[in-house]
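Peer 1: here are the coordinates; sequence isn't available:
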């Protein structure tokens, strides 16, 4: 019984937080051949550890990594058209088009 | 006897009329404080009477002017000194003009998502009519991208108003709450003045618009006087879109300046937006 309750509480907690905040990500061209993305959530929680994917226009993953402890991720700017995906799980993904990434 | 009564009456009338003129407010103004994207930000620092856009006082060189930027509520706050961007300008009110400052901040300062708490510690201003100095330690909080940061964190000022609601995310018709701190401790029964910025600032021409947004039916409505409760908290209503100034009078620990009385006040600006 206790285990079931515990599981229920976990499910409720997870579901609750899923609706209570939205993922946020913005990226900047550092002007030195690298791009830095900054992430977070609308409730102010950290994005540390969130998966980051850099993909080409066909959706092929070029670079993969994770947000660091400061909720930042820096990568070498691809020579082709690209997009960045901030992937915090289902319903919690933000995509940033490389064309919109400026200094 | 009649004459004495008349004299007292006219004296009272003079006092009553002069009260709203004493509601000083240090402004740290920028038109938009809930930004979608980081961008260059222009600020105007004006020491005035915002409801009437009346007498604008000459500001001296500010003692401190900086921003505390924070992306995420658990993240560290980053302090950037902004004094190098200060430029003295002349600001025109409806009745005079006075020295104010403006600061054009490059995008690199306000590029990231998060909260930006601007702090201005102006030079004490000598108010000849009262023979006192006034120093209004002022905070204005801006947000980029909807990612909250330090909006409700004390900035560690000698006196300050700490928001209990985000100062940049308020609908018209809602309320705004805050706590008044002196040396980090709540101030019960603190005297507060509330004023609506009734004449829109025109940053380009460095003046207030002549047109008033609202009309006060009586002097008590120009500067509204309220008190904090026994925990140092207050609540105000936000019945109209635009800027609302909150000033806690004389709550700071410094009580004298150059041998004269100093009123060290804490000011916070709050913006309300129409629900449409």
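Peer 2: All right, it came through fine. Only a predicted model underlies this, so the values are computations on that prediction, with no experimental measurement involved.

Peer 1: okay, CA-based contacts and neighbour counts for the rest of this
Peer 2: Will do.

Peer 1: what about the strands in chain A?
Peer 2: Secondary structure of chain A (DSSP state E): strands located at A:23-29, A:34-41, A:51-56, A:61-66, A:72-76, A:82-87, A:93-97.

Peer 1: residues contacting whichever residue of chain B sits closest to chain A?
Peer 2: For chain B, the nearest residue to chain A under the criterion C-alpha to the nearest C-alpha is residue B:72, separated by 4.3 Å. For residue B:72, the contacting residues are A:40-41, A:44-46, B:114, B:147-150, by C-alpha atoms under 8 Å, 6 or more residues apart in numbering or on different chains.

Peer 1: what about 7 Å?
Peer 2: Residues counted as contacts of residue B:72 (C-alpha atoms under 7 Å, 6 or more residues apart in numbering or on different chains) are A:40, A:44-46, B:114, B:147-149.

Peer 1: output these as a markdown table; include the columns pLDDT.
Peer 2: As requested, the contacts of residue B:72 are arranged in a markdown table below (pLDDT from 0 to 100):
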| residue | pLDDT |
| --- | --- |
| A:40 | 95 |
| A:44 | 94 |
| A:45 | 94 |
| A:46 | 95 |
| B:114 | 98 |
| B:147 | 97 |
| B:148 | 97 |
| B:149 | 97 |
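
Peer 1: who wins for neighbours among those residues?
Peer 2: Across the contacts of residue B:72, neighbour numbers were computed from other C-alpha atoms under 10 Å in any protein chain shown; residue A:40 holds the maximum, 31 neighbours.

Peer 1: what about chain A, any weak spots by pLDDT?
Peer 2: For chain A, the stretches flagged by pLDDT under 70 are A:1-20.

Peer 1: any idea which residue is closest to the centre of it?
Peer 2: Central residue check for chain A by C-alpha atoms, centre = their mean: the C-alpha nearest the mean position is that of residue A:86, 2.2 Å away.

Peer 1: in stretch B:228-246, what counts as buried?
Peer 2: B:228-229, B:232-235, B:238, B:240-246 (16 or more other C-alpha atoms under 10 Å in any protein chain shown).

Peer 1: repeat for stretch B:94-107
Peer 2: If you call a residue buried by 16+ other C-alpha under 10 Å, then stretch B:94-107 has these buried ones: B:94, B:97-103, B:105.

Peer 1: where does chain A get nearest to chain B, residue-wise?
Peer 2: When scored by C-alpha to the nearest C-alpha, chain A has residue A:44 as its residue closest to chain B, at 4.3 Å.

Peer 1: show me the contacts for that residue.
Peer 2: Contacts were defined as C-alpha under 7 Å, 6+ apart; by that measure residue A:44 touches B:72-73, B:147-149.

Peer 1: near chain B, which residues of chain A?
Peer 2: Applying C-alpha under 7 Å from any C-alpha of the partner chain, we find that chain A lies next to chain B at A:40-46.

Peer 1: which of the residues you listed sits closest to residue B:198?
Peer 2: Checking the residues of chain A next to chain B against residue B:198 by C-alpha to C-alpha gives residue A:42 as the nearest, at 32.0 Å.

Peer 1: that closest one and residue B:143: what is the separation?
Peer 2: Using C-alpha to C-alpha, to the nearest Å, one gets 11 Å for the distance from residue A:42 to residue B:143.

Peer 1: tell me which of the two has more neighbours.
Peer 2: Relative neighbour count places residue B:143 above the other of residue A:42 and residue B:143, with 31 against 19, counting by other C-alpha under 10 Å.

Peer 1: ok, now which ones touch residue 53?
Peer 2: Defaulting to chain A. Shown in contact with residue A:53 (C-alpha under 7 Å, 6+ apart): A:61, A:63-65, A:84-86.

Peer 1: I was after chain B.
Peer 2: Neighbouring residues of residue B:53 by C-alpha under 7 Å, 6+ apart: B:93-94, B:199, B:208.

Peer 1: out of these, grab the one that's most surrounded.
Peer 2: The residue in the contacts of residue B:53 with the most neighbours, by other C-alpha under 10 Å, is residue B:93 (25 neighbours).
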